[in-house]
Every structure is written in structure tokens, then in C-alpha cells.
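Peer 1: Any chance you can model this:
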Amino acid sequence: MMQSNAYPLLKPWSLLLAIAALVACFAACTDAGRTAEVVDLVPRVSGLPDTVTFAEVAPIIRANCMPCHREGQAGPFPLVNYTDMRRKARTIRKMVVNRWMPPWPADTAYSHFLGERALNARQIATIAKWVDQGSLIGDTTNLPPMPTTKDATMSGMHPGTREPDAVVWLPDTFHIPGDNRDRFIIAKAPFELPRDTFLSGVEFVPGNRQGVHHMNGAMISYAKGAKQDVYSGATYIDADSTQSLDAYGDLLLQNDDGTWPLLTPNMVNYLPGLSPPIYPPGIGGYHIPRSGAFLMNTLHYGPSMRDTLDRSRFNLWFSSTPPGRPMKELQLGTLGMSPVVPDLVIPPDTVMTFRTSLLIPADISVLTLNPHMHLLGKSFLAFALTPSGDTIPLVRIKEWDFRWQFAYTFPTMLHVPKNSVIHVVAVFDNTRANRNNPYDPPRTARAPVGAHMRTTDEMLQFFVNYVDYRPGDEQIGLDPE
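Peer 2: Numbers count the residues shown, from 1 in each chain. Take a look at the predicted model:
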């Protein structure tokens, strides 16, 4: 998540950067009871055409499925044209009727967010009827033109967002050996710009979407004349075999006189399924120096069975105006500001509930939420309880899906009053019934020890991006379009 403060690069860095940890990986889960409910819903939708053709189905699938189901993206097959959709028609029907796809884990009956991809009953019924009637092509004369298939970046996922103003590449390619082993890397992507300016948005774009599990990044700012060659030093350091300060030395992050530059921590993060939020002018933003580097204090490559490569990049969006109201972050749970109760230890063959809570000492306006668990997660609930006893729904995920971990942005700022308590209730399933369980038979799972965690460790985290409350925030929309 994002934070606007800058700190000198001193020994506390090793503590700041140890907080990093967002991972995402595999698999969707099923629920027979909910499947039956949705199947029953399909024939009850009225007002559909007597014959449903590709003209009715294509806009639904192109808007909700094609961003991932196209060349170079996460979807296992393309859904771009009629031939693609006809070939996978039965699979499409099964996935949407069971609400496994498109992925939108948050329960829309509990709270609403920008960019919801959950299909409504009419859309599901339309697709089901099209498949049941033989997937007819029909008259496509008036079918809207196919959307431009941009890269799955902010400019492609947020309509109206312009192409990036600058791209910062990692200098070298990283070779991922096919030894089926996790790798945790500390890396840097140096940059030199024409001048100091303001930054409205930044995102990390993995070059190998199958290989990169997650990334937690900060920005280093060099004062004028403090660093003659920002490109000197190593690009990648093995975090498992090197202490943080030694790694920073090998990366040659210091100023030329040996002092440490300024650091903006937690500036940009990545995990599959997470689209960086874009806020309207006046909220957030950064000052970016002419000379600096993005520091990836955790760049996690997941296990690979074959040798492969990665060269990732950062997309930058500039702004002509200074940063707006500074964004802040709450981190509840593992490695955060509030303990997990009981301790996050899950014995084999158990389903357990854990909680964490945090008192909010001042009025805040919530912008974006990000729940996080690993493979054993089963359900997630977060809400705020006000001093007067009112409940403010935050997010509920009834069926945790480790593969899809989103940042959820509210349509308007959400006021959480002073002395409210944010509560998180999470259920973990460490039984054979959990198809995502990495071990058979199950083993004891627990929170990670140290800064670098494996996918098979377990976590319970809740990140809340917010600004200090001002009267009228409740009417401020967060849609940047």
C-alpha cells in the first residue's frame, strides 16, 4: 500500500522493510450450496431475448473477462473473438454460473467498491442461455468495436487513464532457475529524469507474470549532486543470504559521501489481481527527484519447474500540481499494529477462527482496503464499530481465494469516527478438505519468522489506506474518471 512520508536511509530501514509481505498464487474454491442457488436463479430471469446471440454476450465477456483472457495475461486461454468464446462456451457457462469467474471475492451484498466485476443475475442468465441455445453468432453488424487490448497496466485497467509519462526498467534480466524453489530478492531500478517533478501515480509491472508472486517497493531520492552514477552497483541481491544493510551496500544505494539518501517507504506494491488505486486530484501523490531509484525490498519469485526469465518495470504518471492530502496506512495483524488473537498457529486437521482489532484515535476517511491471507484462508470479515455502537461494514469475503487479492476502493470516502474500533475476523482451514492446502497430510501452519515469508507460511493482515478526516469528505468521490 502507499504512504507519503520520507525518511533518512538509516538502520531503521531494516525494520521498516521487514514489514513487507503480500503474496498471491493459485486456485478457486467451490461451494455446492451456492452453485445450486445460482443454477436456480438462471431460469427465473425474465425479459431476455427469445434467442440470445453473440451480440448480447460479447460485450459482457469483453468487459469482464478479456482483460485477463488474452495473449500475455493471466488467463489460460483467450476470450477475444467469437471463435475463442464458442470454443470455450461450456467452460464459460460453468465458471460464471458458479460465480467462480470473473474474480471478485468481496461480497457485494455487504459493501460496494469501484470497479466491481461481479456479474449480475441478468448477465449470468444471458451467457447461460446463449450456451444452452448452441452459442449462435447471430447478427454482429451493430456490435461495438472490440476494445483496444492494452497491457494489463493502470492505463489498460482504468478507462480514461493516459499512457505512462515515463517507464523505469530494471537494468538487467533476472534468471529464475527451474529448481522449484522460492526466491526472495532485494533489487533496484535506478532512474534519471529531466527534472524534479510531481508524481500522481506509480505501478510495478512484472515482466514475467507467472514468475513474480509479489513485490514491495520504496523510492530513493538523491539530492542534487549527491550521486553521480545511480546505475552503479548490483541490480539483484539474494535476500535469504544477505543482511539488509549489506545488500544496500552491494546495491550502492549510498550517496557518494557515504551518507544515506531519503527513502519513501511502501510506495508501490504488487501482487496478482491487485490494481493500484488511482485517486482524484488533491489526494495523495509524491515529489519525485530528478535522480533516484525504486528499491524492491521484497521481490518474490515463486517456485518454477523450468528455467525462465524476468525483467520488470515501473510505470510513472507525472502531475503539474504538488502532492495533495497525504495518504496514510493502517496495518492490522501479522507484522502490523495489532496482534492476532490467538497467536496465528493452526494445527493440522483444524478449522480455526482468529481476530485482530485496532482503536482509531482520530477521525479518518477511508479510501482503500486490502485483506491478505495465504493458502489456508477460508473467510475474511472486517468492520468498524463506532463509540455509539453502530457498525460500519468494510469488507466481507465469504470464500477466500488465495489467487485473487484485490485493493478495494470505496466509491466515496468512508468516514470512520474517532475512537471507533476496526475488527477483523478470519477463518483458516488446515484440513484435507481445503483444496489449497499445500501439505497432505496437513502440517502445523504459523505466522512467518523474519522479513521473508514462504507461501506455505500463514498470515492475517488488513491494510487500510486513509486520509485525515475533513467535514464533507463523505461526498468526495474516489473515481478518478
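Peer 1: switch to C-alpha atoms for all contacts and neighbour counts from now on
Peer 2: Noted.
Peer 1: Tell me the secondary structure of Pro59, please.
Peer 2: Secondary structure assignment for Pro59 (DSSP: H, G, I helix; E, B strand; the rest coil): helix.
Peer 1: Wasn't Phe198 part of a strand?
Peer 2: Yes - under three-state DSSP, Phe198 sits within a strand.
Peer 1: Look up how far Leu381 lies from it.
Peer 2: 37 Å (C-alpha to C-alpha, to the nearest Å).
Peer 1: which residue ranges form the helices in the stretch 51-200 of the chain?
Peer 2: Under the criterion DSSP state H, counting those that start in this stretch, the stretch 51-200 of the chain contains helices at 54-64, 82-87, 89-97, 121-132, 154-157.
Peer 1: Show the end-to-end separation of stretch 332-344, please.
Peer 2: Using C-alpha to C-alpha, the two ends of stretch 332-344 sit 13 Å apart.
Peer 1: Please identify the buried residues of it?
Peer 2: Leu332, Gly333, Thr334, Leu335, Gly336, Ser338, Pro339, Val340, Leu344 (16 or more other C-alpha atoms under 10 Å).
Peer 1: swap in stretch 321-335?
Peer 2: By neighbour count on 16+ other C-alpha under 10 Å, the buried set for stretch 321-335 is Pro322, Pro323, Pro326, Met327, Lys328, Glu329, Leu330, Gln331, Leu332, Gly333, Thr334, Leu335.
Peer 1: okay but His372 is in contact with Leu460, surely?
Peer 2: Yes - shown here, His372 and Leu460 form a contact pair, counting by C-alpha atoms under 8 Å, at 6.0 Å.
Peer 1: ok, back up a step: packed most tightly, which of the helices of the stretch 51-200 of the chain would that be?
Peer 2: Most buried of the helices of the stretch 51-200 of the chain, by mean neighbour count (mean count of other C-alpha atoms under 10 Å): helix 121-132, with a mean of 21.
Peer 1: domain parsing for this protein?
Peer 2: Recorded structural domains for the chain (assignment: automatic domain parsing) are 32-102+105-132, 153-319, 328-475.
Peer 1: pLDDT of the first one, averaged?
Peer 2: It stands for domain 32-102+105-132. On average, the pLDDT along domain 32-102+105-132 is 83.
Peer 1: Run through the stretch 151-300 of the chain and note the low-pLDDT ranges.
Peer 2: Low-confidence segments of the stretch 151-300 of the chain, defined by pLDDT under 70: 151-161, 243-245, 272-275.
Peer 1: what about the strands in the stretch 151-300 of the chain?
Peer 2: Counting by DSSP state E, counting those that start in this stretch, the segments of the stretch 151-300 of the chain that form strands are 166-169, 174-176, 183-192, 197-205, 212-222, 236-238, 262-270, 286-288, 291-301.
Peer 1: Which of the three states applies to the nearest residue to Ile476 once chain neighbours are set aside?
Peer 2: Excluding its sequence neighbours, the residue lying closest to Ile476 (C-alpha to C-alpha, 6 or more residues apart in numbering) is Thr412, at 5.5 Å. Put simply, Thr412 is strand when judged by three-state DSSP.
Peer 1: Do I have it right that Thr412 meets Gly472?
Peer 2: No - the pair Thr412 and Gly472 fails to qualify as a contact (C-alpha under 8 Å) at a distance of 10.7 Å.
Peer 1: More neighbours: those two, which one.
Peer 2: Thr412 (18 against 9; other C-alpha atoms under 10 Å).
Peer 1: list the contacts for the more buried one?
Peer 2: When contacts are counted by C-alpha atoms under 8 Å, 6 or more residues apart in numbering, Thr412 touches Leu367, Asp473, Glu474, Gln475, Ile476, Gly477, Leu478, Asp479.
Peer 1: Hmm, Arg183 is touching His300, no?
Peer 2: Yes - using C-alpha under 8 Å, Arg183 makes contact with His300 at a distance of 5.7 Å.
Peer 1: who has more neighbours, the two?
Peer 2: Just comparing Arg183 and His300: by other C-alpha under 10 Å the higher neighbour count belongs to His300, 26 against 21.
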